[in-house]
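Engineer: quick one, what's the 3D model for this:
(2 chains)
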Protein chains: 2
Amino acid sequence: MSFFPPVRIGMLGGGQLGRMMALAAARLGLSVHVYCPDPASPAFDVAPFRSIADYDDEAALAAFADQVDVVTYEFENVPAETAAFLNARVPVRPGPFALAVSQDRLTEKQFLNGLGIATARFAVVDSLEDLEAGLARLGVPAILKTRRFGYDGKGQVKITSLDEAEDAFAAMAGAPALLEGFVPFLREVSVIAARGVEGDIAVYDIAENVHREQILRVSTVPANVSASTELAAHELGAKVIAALDYVGVLAIELFVVEHNGQEILVANEIAPRVHNSGHWTEAGCLVSQFEMHIRAIAGLPLGSPARHADVIMENLIGDDVERVPELLKSPNAQVHLYGKQDVRQGRKMGHVNWLK
Amino acid sequence: MSFFPPVRIGMLGGGQLGRMMALAAARLGLSVHVYCPDPASPAFDVAPFRSIADYDDEAALAAFADQVDVVTYEFENVPAETAAFLNARVPVRPGPFALAVSQDRLTEKQFLNGLGIATARFAVVDSLEDLEAGLARLGVPAILKTRRFGYDGKGQVKITSLDEAEDAFAAMAGAPALLEGFVPFLREVSVIAARGVEGDIAVYDIAENVHREQILRVSTVPANVSASTELAAHELGAKVIAALDYVGVLAIELFVVEHNGQEILVANEIAPRVHNSGHWTEAGCLVSQFEMHIRAIAGLPLGSPARHADVIMENLIGDDVERVPELLKSPNAQVHLYGKQDVRQGRKMGHVNWLK
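Structural biologist: Predicted coordinates:
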């Protein structure tokens, strides 16, 4: 196009987040190439170009890089080697530094603490002795987590008494782990921020999140927090995204904790990508988190994160999809389904944005 | 999917309307097969299945029909034979009757008048004598139009004096034509209505439309009409869509005319499809006209047409796309581009929804 840089976007990962980013790119007239090993990936259905190949297939990665102007991803577990291989050929956004920080729970906490942001107290666990020493210091309950590759509660064990240490350590199967002290939170919230190639930053209103079985169920905006907590979360998001020299959208999960009668924020984790707790932006903002991410990585102006409605986002997980025929009749529900053919327990099938 | 009839949607036509319907289908998790002769069709980029073939290619049409559960279309000039061929194999929605009525300006006006709906006065023109007699009866100015295959002002000649009759008739190139009397309208509006397979009807608020060079430029909701005119337009839309035994979304272009100090509605034409003057629904409603159409033809509940915002929709035509970088910075603009590679004069490249 004469008026527009012809940005061809490469997308690593073909799940629902990739699909929703591809839909947002299409609305901006941009072309998407989805790269994913799984031929049944839902994102393939809405993109003009696709590669079905493993993330360590260098021939396929090189061909992919040749065909796109910028690469992004929908999941934080992109192998570092894959990101480095691609980044030598075409910009990968967000960059390898953000991936490295967020892929390791230890690095992530050290990075956050270095910015003056509170996290759960933690202990590095490479041995049963480390774990026992950590439990002695942090107390119970505490949570033992693999340092890498966890999501939706996978790779986590809650420890409620000292005699559970041995089993918990065995459950890590030799993977490097981190013991996290329990955070007695009032509520969970998340802040979603975006940063453009020129350093401009946009921050959405924070969402209040409810998890069940460690999977996000409901996000509500506005969150039930004080105005100063809302502002503090925005500032925290802006600080983190700038310190990561980040391009794109990221999410930071936060605990709201009461401390001497005040609300304080404790950072739980960083997701270097669009996030389930930001799906409300589709119904509540003119520029959704998906479009915001595409604008950022394509070098376009970010646009406004302003919220024009109160929204409750509800995930449709597993059999929840049986409710779809009823949901479609609700006058204040916007239904979004991901085109997944197999309904499985715990599988995210879609979501509903309820306008209040 | 277990919870949902596995509706595979066949789409005739691959332009921006087909593209936006395919995007809406994807948001509902439904699969789309786009059929269009032009390999550069923008809708191909967002659909998992495509056929590049002519509308009279019976082998390609038969294969297409085998692969989908329902067929719809983005343009009213689908050949009657194509619709009949497909409808013998799989439901075509809207059905052949709606196509037949709307493809011929004479049939359309007779159908509307039969429902008690006012239209411009008209005269059938098969000869120069017909035209001269028509001009004598209807007066000037008047507009001579081919009965079939017109859009965006194509196939139309305005006649401002009797001595233009011969040239105007020659411009029809022997095609059956209709002379329409001039309607001295206050404003142009359109009503967009939807009807489901069970006869349920939803009507959007009417838009006020401004054309330039016979191409729609701006649609505004709410329209600047009285509450009784708004209501009358809704009733007119519901009456027409029921009388056509229609399934899907249709648009009716209307003139608002002052008559004895009252606003009255005069129907201009019916478009048996989603319509440019309904693009505002993307930003102003939870269920856009595109999703509404997909729901209707897929046999799903229609959902609510309620409007939650005031919107001005502006088309981006030809060089207007040069404004995109600025538009992307506007906090109250939602930009939608169609992914067309070549900018041409008069070509619809995208649109902007301005929230007021």
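
Engineer: may I have stretch A:229-243 as CSV, with CA atoms only?
Structural biologist: What follows is the C-alpha trace of stretch A:229-243 in CSV, where atoms were taken according to Å, rounded to 0.1, in the frame of the first residue of the first chain:
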residue,chain,number,x,y,z
THR,A,229,-4.1,1.9,44.2
GLU,A,230,-5.4,2.1,40.6
LEU,A,231,-2.9,4.9,40.0
ALA,A,232,-0.1,3.0,41.6
ALA,A,233,-0.8,0.0,39.4
HIS,A,234,-0.6,2.2,36.3
GLU,A,235,2.7,3.6,37.5
LEU,A,236,4.0,0.2,38.2
GLY,A,237,3.0,-1.0,34.7
ALA,A,238,4.7,2.0,33.1
LYS,A,239,7.8,1.5,35.2
VAL,A,240,8.2,-2.2,34.3
ILE,A,241,7.5,-1.8,30.6
ALA,A,242,10.0,1.0,30.3
ALA,A,243,12.7,-0.8,32.2
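
Engineer: secondary structure element holding the nearest residue to A:Leu286 once chain neighbours are set aside?
Structural biologist: Using Cβ to Cβ, 6 or more residues apart in numbering or on different chains and skipping residues adjacent in sequence, the residue nearest A:Leu286 is B:Gln334, 4.6 Å away. C-beta here means a position set from N, CA and C on the backbone, and glycine is covered the same way. According to DSSP states H and E, B:Gln334 maps onto strand B:333-337.

Engineer: helices and strands around that strand, which ones?
Structural biologist: Packed against strand B:333-337, as judged by 3 or more Cβ pairs under 8 Å, 6 or more residues apart in numbering or on different chains; DSSP states H and E, are the following elements: helix B:281-284, helix B:324-327, strand B:348-355.

Engineer: circling back to that earlier point, and the residue nearest to A:Leu286, what is it in contact with?
Structural biologist: B:Gln334 sits next to A:286-287, B:282-283, B:352-355 when contact means Cβ atoms under 8 Å, 6 or more residues apart in numbering or on different chains.

Engineer: distance of A:Ala24 from A:Ser219?
Structural biologist: A:Ala24 sits 19 Å away from A:Ser219, going by Cβ to Cβ, to the nearest Å.

Engineer: between those two, which is the more surrounded one?
Structural biologist: A:Ser219 (27 against 23; other Cβ atoms under 10 Å in any protein chain shown).

Engineer: what is that one paired to in the beta sheet?
Structural biologist: According to DSSP bridges, A:Asn209, A:Met313 are recorded as the beta-bridge partners of A:Ser219.

Engineer: pLDDT value on it, please?
Structural biologist: Residue-level confidence at A:Ser219 comes out at 98, pLDDT.

Engineer: just the one 3 residues further on next, same as before
Structural biologist: Listed pLDDT for A:Pro222 reads 98.

Engineer: that one touches A:Thr229, doesn't it?
Structural biologist: No: the pair A:Pro222 / A:Thr229 is not scored as a contact, 11.0 Å apart, by Cβ atoms under 8 Å.

Engineer: can you tell me which residues contact A:Leu244?
Structural biologist: Under the criterion of Cβ under 8 Å, 6+ apart, the contact list for A:Leu244 reads A:94, A:97-98, A:101, A:250, A:272.

Engineer: for chain B, what's its nearest residue on the stretch 251-356 of chain A.
Structural biologist: Going by Cβ to the nearest Cβ, chain B is nearest to A:Leu337 of the stretch 251-356 of chain A, at 3.1 Å.
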